[in-house]
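**Q** Sequence first, predicted coordinates after that:
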Amino acid sequence: MGILKKILLGLLGIIALALVAAAFMPKHFTYERSTDINASKEVVFGIVNDLKTQETWGPWQKEDPTIKNTYNDIVSGVGQVSKWTSEKSGNGTQTITESLPPTSVKTKLEFEGQGDSEGWFRMEDGENGTTKAYWGMSFDMDWPTNLMGALFMSGTMNKMFDTGLASLKKMAEEQAATAPASPLKVQEMDYKGATFLGMRVQTSIEEATKQSFFSERITKIADMMDKIKMQAAGSPTGVYYTWDEANNKTDMAVAMPIAPGTAVAGDPNLKVFEVPANRALVVDYYGPYEGMKAAHEVLGAYVKEKGLKEIAPVLEEYVTDPEVEKDPSKLLSRVYYFVGAKK
């Protein structure tokens with residue numbers, strides 16, 4: 001009994017020391033790992049900005065085949081939600097809370113009954129055209145469980161990040177290697193003019209660049225067209241009359257091309273309008289929508305080099321349906337700048 005009493009007292013002493021030690025251990029934990037990816041920031045961003053891609057590159061699915069994922073209706077970016085259930089790992093949700101193309105994505109993870117954490121991805125320019133991709137997470141652990149986090153969590157978290165980043169690297173580099181060649185060449189053409197059914201709004205650039213902003217409005221337009229049995233005459237189009245980055249404002253329309261001479265009644269927010277014939281510069285851009293700025297930069301440089309005058313509006317024609325083509329690197333968008341000679 002004496003020996004058992006000593007052992008018991010010894011164990012109690014160890015537990016007491018551990019509890020005391022936990023009081024001095026950190027309660028907030030931050031982990032971040034990185035890798036170099038031979039692909040553009042736009043390609044990497046296009047992947048991490050869509051939670052569904054984590055079923056391919058994420059480290060959890062291989063470790064836990066009981067995980068089942070469901071998603072809300074937002075295709076990517078801010079507001080997209082992934083919910084998971086698992087017999088082994090528990091249940092939870094992940095929500096994209098911030099999306100700044102093509103450099104960062106932030107998420108909130110909620111683990112059912114276990115607390116929340118913040119996650120993030122950062123994309124920076126690497127050497128020789130590569131992308132330096134960072135994946136990180138931060139969370140709090142209450143006393144006394146923070147002791148376990150301080151002693152044993154680091155190795156597990158770093159292994160998880162390294163495994164996931166290796167798969168992300170493979171996925172991004174494969175997309176970059178198989179993407180259609182797109183040197184972003186400017187073509188000059190005579191635009192014949194078009195009739196559109198659309199919703200014109202004045203809003204912030206931040207709001208206008210959200211995936212949900214366009215998708216919600218184009219869905220309303222498509223529903224109206226289905227209701228009156230109207231056929232589209234082309235692809236969904238963004239019509240931009242102004243784009244004021246200094247003041248974070250844009251005057252633009254989400255629109256669908258329709259046959260000339262069409263009249264529509266019923267929804268006061270939907271208007272039929274014309275974009276007249278004009279001389280145009282056109283660039284075919286392949287890639288995620290977040291990287292389309294590259295096409296505008298090429299067109300802007302061409303306008304300046306040739307001494308031309310831009311004439312509003314600017315058109316972005318979204319030729320490839322993202323619901324059909326799931327690879328963001330293969331999405332085709334056509335950007336039009338209307339121009340005239342400077343006096």
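**A** Received it, and whenever you're ready, just let me know what you need. Numbering: from 1, shown residues only.
**Q** roughly how far apart are the residue nearest to T56 when sequence neighbours are not counted and V43?
**A** Nearest residue to T56 in three dimensions, chain neighbours excluded: M171, at 6.1 Å (C-beta to C-beta, 6 or more residues apart in numbering). Where C-beta positions appear, they are placed from N, C-alpha and C, glycine not excepted. Distance of M171 to V43, given as C-beta to C-beta, to the nearest Å: 9 Å.
**Q** When the two are compared, which one has more neighbours?
**A** Neighbours were counted for M171 and for V43 using other C-beta atoms under 10 Å; V43 has more, 26 against 18.
**Q** Could you say which helix or strand holds the more buried one?
**A** Secondary-structure assignment from DSSP states H and E places V43 in helix 41-48.
**Q** cool, and K132?
**A** strand 131-140.
**Q** Could you check how far that strand is from the centre of its chain?
**A** Chain-centre distance of strand 131-140: 16 Å, with C-alpha atoms, centre = their mean, to the nearest Å.
**Q** What strands flank that strand, and is each parallel or antiparallel?
**A** If you go by DSSP bridges, strand 131-140 pairs up with strand 28-37 (antiparallel), strand 115-125 (antiparallel).
**Q** Can I get that strand in PDB, CA atoms only?
**A** Extracted in PDB, the C-alpha atoms of strand 131-140 (Å, rounded to 0.1, in the frame of the first residue of the first chain):
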ATOM      1  CA  THR A 131       4.300  31.800 -56.900                       C
ATOM      2  CA  LYS A 132       5.100  31.600 -53.300                       C
ATOM      3  CA  ALA A 133       1.900  30.200 -51.700                       C
ATOM      4  CA  TYR A 134       1.300  30.300 -47.900                       C
ATOM      5  CA  TRP A 135      -1.400  28.400 -46.000                       C
ATOM      6  CA  GLY A 136      -2.000  29.200 -42.400                       C
ATOM      7  CA  MET A 137      -4.400  28.800 -39.500                       C
ATOM      8  CA  SER A 138      -4.900  30.300 -36.000                       C
ATOM      9  CA  PHE A 139      -7.100  29.300 -33.100                       C
ATOM     10  CA  ASP A 140      -7.500  29.400 -29.300                       C
END
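**Q** who touches it?
**A** Contact with strand 131-140 is made by 27-37, 39-41, 43-44, 109, 115-126, 157, 161, 164-165, 168-169, 172, as judged by C-beta atoms under 8 Å, 6 or more residues apart in numbering.
**Q** Kindly report the same for stretch 296-310.
**A** With C-beta under 8 Å, 6+ apart, stretch 296-310 has contacts from L184, V186, L281, V283, V314, V335, Y337, F338, V339, G340, A341, K342.
**Q** E173: how many residues sit nearby?
**A** Neighbours around E173, by other C-beta under 10 Å: 16.
**Q** Now do it against L270, distance only.
**A** 43 Å.
**Q** ditto for K210
**A** For K210, the distance to L270 - C-beta to C-beta - is 20 Å.
**Q** Helix, strand, or coil at T53?
**A** helix (DSSP: H, G, I helix; E, B strand; the rest coil).
**Q** list the contacts for it?
**A** T53 neighbours (C-beta under 8 Å, 6+ apart): I47, M171.
**Q** now do 6 Å
**A** Going by C-beta atoms under 6 Å, 6 or more residues apart in numbering, T53 touches I47.
**Q** Then I37?
**A** With C-beta under 6 Å, 6+ apart, I37 has these contacts: V44, T131, A133, K169, A172.
**Q** Distance of the second one relative to V48?
**A** Plainly put, T131 is 11 Å away from V48 if you go by C-beta to C-beta.
**Q** where do the helices sit along the stretch 101-250 of the chain?
**A** 146-148, 154-178, 205-208, 211-227 (DSSP state H, counting those that start in this stretch).
**Q** Those helices: which one's closest to N72?
**A** Between N72 and those, the shortest separation by C-beta to C-beta is 10.0 Å, and it involves helix 211-227.
**Q** For the residue nearest to A233 when sequence neighbours are not counted, pull up the helix or strand it's in.
**A** Spatial nearest neighbour of A233, excluding adjacent residues (C-beta to C-beta, 6+ apart): P257 at 4.3 Å. Following DSSP H and E, one finds P257 within strand 249-258.
**Q** Next secondary structure after that strand?
**A** strand 271-275.
**Q** Do I have it right that D36 meets T130?
**A** Yes: between D36 and T130 a contact is recorded at 5.1 Å, counting by C-beta atoms under 6 Å.
**Q** the more surrounded of the two?
**A** T130 (17 against 13).
**Q** Check whether that one really touches T35, as I assumed.
**A** No: contact criterion C-beta under 6 Å: T130 and T35 do not qualify, at 9.8 Å.
**Q** how's the chain carved up into domains?
**A** If you go by automatic domain parsing, the domain ranges for the chain are 24-176, 187-341.
**Q** among those, where is the model least confident on average?
**A** Lowest mean pLDDT of the domains of the chain: domain 24-176, a mean of 84.
**Q** Neighbours of P65, how many?
**A** With other C-beta under 10 Å as criterion, P65 counts 11.
**Q** Same question for M225.
**A** Every residue meeting other C-beta under 10 Å relative to M225 is counted, giving 18.
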